[in-house]
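Engineer: below is the sequence, then the predicted model.
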Protein chains: 2
Amino acid sequence: MSFTYDETIDGPLPTVDRAELAAALRARAPALEILTDREDLRPFECDGLAAYRTVPLLVALPSTIEEVRAVLMEATARGVPVVARGAGTGLSGGAMPLEKGILLVMAKFNRILDIDADAGTARVQPGVRNLAISQAAAPHGLYYAPDPSSQIACSIGGNVAENAGGVHCLKYGLTVHNILKVDVLTIDGELVTLGSEALDSPGFDLLALFTGSEGMLGVVVEVTVKLLPKPQSVKVLMASFDDVERAGGAVAKIIGAGVIPGGLEMMDNLAIRAAEDFIHADYPVDAEAILLCELDGARDDVEEEAELVGALLREAGASDLRVARDEAERQRFWAGRKNAFPAVGRISPDYYCMDGTIPRRELPRVLKGIAALSEHYGLKVANVFHAGDGNMHPLILFDANQPGEMDRAEALGGRILELCVEVGGSITGEHGVGREKINQMCVQFKRDEIEYFHAVKAAFDPSGLLNPGKNIPTLHRCAEFGAMHVHRGGLPFPELERF
Amino acid sequence: MSFTYDETIDGPLPTVDRAELAAALRARAPALEILTDREDLRPFECDGLAAYRTVPLLVALPSTIEEVRAVLMEATARGVPVVARGAGTGLSGGAMPLEKGILLVMAKFNRILDIDADAGTARVQPGVRNLAISQAAAPHGLYYAPDPSSQIACSIGGNVAENAGGVHCLKYGLTVHNILKVDVLTIDGELVTLGSEALDSPGFDLLALFTGSEGMLGVVVEVTVKLLPKPQSVKVLMASFDDVERAGGAVAKIIGAGVIPGGLEMMDNLAIRAAEDFIHADYPVDAEAILLCELDGARDDVEEEAELVGALLREAGASDLRVARDEAERQRFWAGRKNAFPAVGRISPDYYCMDGTIPRRELPRVLKGIAALSEHYGLKVANVFHAGDGNMHPLILFDANQPGEMDRAEALGGRILELCVEVGGSITGEHGVGREKINQMCVQFKRDEIEYFHAVKAAFDPSGLLNPGKNIPTLHRCAEFGAMHVHRGGLPFPELERF
């Protein structure tokens, strides 16, 4: 395995006896479920980024706040690191365990505590699945807007840790825009409430700071989310293009006209063909790109917008334009897109999913750059992305059994992210940094900026026990990586300023 | 003056010779404009909270980032505190100077650097006025959404410092939801970029942390804001009610029906009469309350929503309902609301404007509580508020020339804020904490929470030179204030838990 797993993170930690730690935890919390057998630990060795695997020292499955506190207190007493895990669907290795660390699995915190339909809020435990919130809110005509592709399985606590997005975040925002309040336990075992049910909260905005902090500042034990009324009407348009850049231009036209679609997604030919073979969504397999544009809202408004968007797509050079005739066809159009990743998995032994974000105007330039890099590294890249908000998911196709291909895939992925940074974008849109993109953080940020991240981390977790080695690189690591930084453009790609 | 000005903030600071400091600043930055004459300093002795006044040691008016850096470096070298100031329109004393501190006035940073109509963004210097951004964006059919009442005068840098809101923040969010990127100088003189032009930024969300931090973490030197397309159509409804609680119920009905108005404002009888006397907005002076509801969007959609809202208002018991017939009448309806504060100023020698935020469902209960407190303290209270988002602006009427009245006004104001906290709300919606609400922070937050605020502050400004004595109280102050904390309800009002 050549993915840059950093042994130095785990290496210098104290070696703790597994049985002794388990006994100490049982002494603090007799009812706490603990796993120590290798057989039981194996299923937890990775999250959705399966290329990075480590069997944890021990798994704790608390079901009360007191039990979480007991784990954190014992960890603090012994200097043992703690990695919190929701459903383990994350794609950047944020919940990857440490060999010498406790994996704190929040799966038992799975209760919906309260739905207040008048206020449009739900108070839930962190292990509740994303889709379960919308299902529970449905009888009130409400739903929870952020919808990562993994929404059937992923947990709201994990969504908070990663600031998860989804197809609808163009219109409805990321997780941070859809939560009001989070209760967290800090590494000291203190229960702190961040945010409030009111519009704004005085003092520093610790709720926003915490959202997307990837388990480095505390452990989420309760979340209050906003619920939105379900739109009266939903419509999906699918436009085909002979040219990927022209499809990118259509995105600019739609947004420029003041339309904010519920979703605006693009797929290139390789992704279209893979999806069509798998799902039979009736996609145009000869098109160089398709755009899927979903409009939602009041019925008349949606009709009016659909006409406008249709005209804009034709103007932008769409070679074909279809409107889903009914709910079944709408679902089929989306099924192709939502299954694009597994579809690509069927045509390639392995694939590596990137998550760069760029200013929308740079779409054509970055697509060209990816094509050039793909050729240079001799690996195919399928492009599937949230075009409306410039969040790209290039899928690099490779075969891990071919010597050198995995290295090339990793190098190509890194270069794509650096390209995103060069045009003023960022190395992650919604998947987080985790273990995967820790090196690219050295490209994204200046030394000073990384120092402020560390200072903020130390304000909450001075001994650095919460999820070490993820999200924020050490300056030492950046020096070793040998690149820091291109920082928002200006430097000629592919040469990077040396640290 | 009995407002709780805290001498201990300024007291232990080193006494610095004004002329010597000015000379040192000139040595670092020869072109820097510096004011040291008492005559010249006087206009800067307060911000919009005129009850708190101090003449600063010195005013610096930089016009380049290098000059700002020079001021911060010299301040660091001498241990002299720095208070940054935008247009000075803030209502919580956040920009109030320190007798022994530098006032850093950002008025010369007044250039709009770039408008990118395709991306829907504007890059501006911090001293640019809020309204000037919308004016510059207007030829592109765009505008900047947050609109504090002071938008003619207030600066975008101040808006970032206070996380300013406005009538339209119910639908379009606060400042933090409408900015993409901020360049700041830290107290060490480091230039740090927070956020990015892309959808999301990796690492911790320092942009959100910085927004609303009231000048305690750094000095804003550039802001990139989002611009929105101007809505095709706008409509305002005015409903009269014989009963304030019924008006509160109507707010719940509208929001509960899934309508998100552009603005949803309430005024009670005292405010209605004051505004009508001043502006002649054709308000119903016998109504106990009016609701102003603005709907914006596509033409058909607005028409449809207006019908729905009209029906809901009637159902909720509106005694009269009017729709502004044209733009002139719409402007008149809003002029009454936007001038409610000065209108109240005409009927009372002094008034004290509060800024509590509560969950919407608690509106009727809090209005009752305010009425009871008003009677107890023997002072009239006019209620004007952003009803849609539960942000209340009770205006306490008093006469500073009547012995004891100012003390009573301050005490009443504090009790109203504590009531807001008790029902699950917060002590500020959009005006910030500043110097004014520093004691109420002890009511809002637990000891642990305030400690985390201090730890975050120290991560950016370890020697505490940036705007000391505002926003975050010391634990010592909370102990002296003698109350900590009621923390989100549960304790019987008016008894407070003792610290």
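Structural biologist: Looks like it came in fine.

Engineer: now A:Gly429: phi and psi?
Structural biologist: Per-residue torsions, A:Gly429: phi -100, psi -50 (degrees, to the nearest 10).

Engineer: OK, contacts around it?
Structural biologist: A:165, A:355-357, A:386, A:389-392, B:198-200 (CB atoms under 8 Å, 6 or more residues apart in numbering or on different chains). C-beta coordinates here come from the backbone N, C-alpha and C atoms, glycine included.

Engineer: try 7 Å this time
Structural biologist: The neighbours of A:Gly429, taking CB atoms under 7 Å, 6 or more residues apart in numbering or on different chains as the test, are A:165, A:355-357, A:391, B:199-200.

Engineer: and A:Ile260, by the same measure?
Structural biologist: Contacts of A:Ile260 (CB under 7 Å, 6+ apart): A:170-171.

Engineer: how close does A:Gln444 get to B:Ser196?
Structural biologist: 9 Å (CB to CB, to the nearest Å).

Engineer: need the residues touching each of the two.
Structural biologist: Common neighbours of A:Gln444 and B:Ser196, counting by CB under 7 Å, 6+ apart, are A:Ser426.

Engineer: which of these two has more residues huddled nearby?
Structural biologist: A:Gln444 (28 against 22; other CB atoms under 10 Å in any protein chain shown).

Engineer: any idea which element A:Glu265 lies in?
Structural biologist: Using DSSP states H and E, A:Glu265 falls within strand A:263-268.

Engineer: which is the next helix or strand following that strand?
Structural biologist: Per DSSP H and E, the helix or strand that comes after strand A:263-268 is helix A:269-279.

Engineer: which secondary structure elements does that next one contact?
Structural biologist: helix A:327-338, helix A:340-347, strand A:381-386 (3 or more CB pairs under 7 Å, 6 or more residues apart in numbering or on different chains; DSSP states H and E).

Engineer: from the chain's centre, how far out does the helix or strand just after that helix sit?
Structural biologist: Of the helices and strands lying after helix A:269-279 in sequence (DSSP H and E), the nearest is strand A:289-297. Its chain's C-alpha centre and that of strand A:289-297 lie 21 Å apart, by CA atoms, centre = their mean, to the nearest Å.

Engineer: each with direction, which strands does strand A:289-297 pair with?
Structural biologist: strand A:233-241 (antiparallel), strand A:263-268 (antiparallel) (DSSP bridges).

Engineer: got CSV for those, with mean neighbour count too?
Structural biologist: Putting those into CSV (neighbours: other CB atoms under 10 Å in any protein chain shown) gives the following:
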stretch, mean neighbour count
strand A:233-241, 22
strand A:263-268, 26
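
Engineer: report the angle between the strand holding A:Glu265 and strand A:381-386.
Structural biologist: 170 degrees (axes from the mean of the first three to the mean of the last three CA atoms, to 10 degrees).

Engineer: give me the contact list for strand A:263-268.
Structural biologist: A:167-168, A:170, A:244, A:247, A:251, A:254, A:275, A:288-294, A:337, A:340, A:382-388.

Engineer: roughly how far apart are the residue nearest the centre of chain A and chain B?
Structural biologist: Nearest to the geometric centre of chain A sits A:His431, at 2.1 Å (CA atoms, centre = their mean). Distance from A:His431 to chain B, counting by CB to the nearest CB, to the nearest Å: 10 Å.

Engineer: residues touching that residue, list them.
Structural biologist: By CB under 7 Å, 6+ apart, the neighbours of A:His431 are A:91-92, A:162, A:355.

Engineer: so it versus A:Gly212, what's the distance?
Structural biologist: Taken as CB to CB, the span from A:His431 to A:Gly212 is 11 Å.

Engineer: mind giving me the domain ranges of chain A?
Structural biologist: Following automatic domain parsing, one finds the domains of chain A at A:7-105, A:112-229, A:233-343, A:348-481.

Engineer: most neighbours out of the contacts of A:His431, which is it?
Structural biologist: Ranking the contacts of A:His431 using other CB under 10 Å puts A:Glu162 first, with 31 neighbours.

Engineer: for that residue, which residues are in contact?
Structural biologist: Counting by CB under 7 Å, 6+ apart, A:Glu162 has contacts A:90, A:94, A:212, A:214, A:431-432.

Engineer: same thing but 8 Å
Structural biologist: Contacts of A:Glu162 by CB under 8 Å, 6+ apart are A:90, A:92, A:94, A:175, A:212, A:214, A:430-432.

Engineer: cool, and A:Leu41?
Structural biologist: Per CB under 8 Å, 6+ apart, neighbours of A:Leu41: A:35, A:55-56, A:58-59.

Engineer: and what of A:Met73?
Structural biologist: Residues near A:Met73 by CB under 8 Å, 6+ apart: A:28, A:189.

Engineer: so which strand or helix has it?
Structural biologist: Per DSSP H and E: helix A:65-78 holds A:Met73.

Engineer: check which residues of that helix are buried.
Structural biologist: A:65, A:67-76 (16 or more other CB atoms under 10 Å in any protein chain shown).

Engineer: and what of stretch A:291-309?
Structural biologist: A:291-298, A:300-302, A:304-306, A:308-309.

Engineer: and what of stretch A:385-397?
Structural biologist: Neighbour count says stretch A:385-397 has A:385-397 buried, by 16+ other CB under 10 Å.

Engineer: export the residues you listed to TSV and tack on distance to A:Val184?
Structural biologist: Listed next are the buried residues of stretch A:385-397 as TSV, based on distance: CB to CB, whole Å:
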residue	distance to A:Val184
A:Phe385	32
A:His386	29
A:Ala387	35
A:Gly388	32
A:Asp389	28
A:Gly390	31
A:Asn391	27
A:Met392	32
A:His393	30
A:Pro394	34
A:Leu395	34
A:Ile396	36
A:Leu397	40
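
Engineer: from these, pick the one nearest B:Cys46.
Structural biologist: B:Cys46 lies nearest to A:Asp389 out of the buried residues of stretch A:385-397, by CB to CB, at 42.8 Å.

Engineer: wait, the closest one touches A:Cys169, no?
Structural biologist: Yes - A:Asp389 is in contact with A:Cys169 according to CB atoms under 8 Å; the separation is 6.6 Å.

Engineer: need the residues touching each of these two.
Structural biologist: B:Leu199.

Engineer: measure the nearest residue in space to A:Leu397 that is not next to it in sequence to chain B for me?
Structural biologist: Once flanking residues are discounted, A:Leu397 sits nearest to A:Ser348: 3.7 Å by CB to CB, 6 or more residues apart in numbering or on different chains. According to CB to the nearest CB, A:Ser348 and chain B sit 27 Å apart.

Engineer: where does pLDDT dip in chain A?
Structural biologist: A:1-12, A:482-499 (pLDDT under 70).
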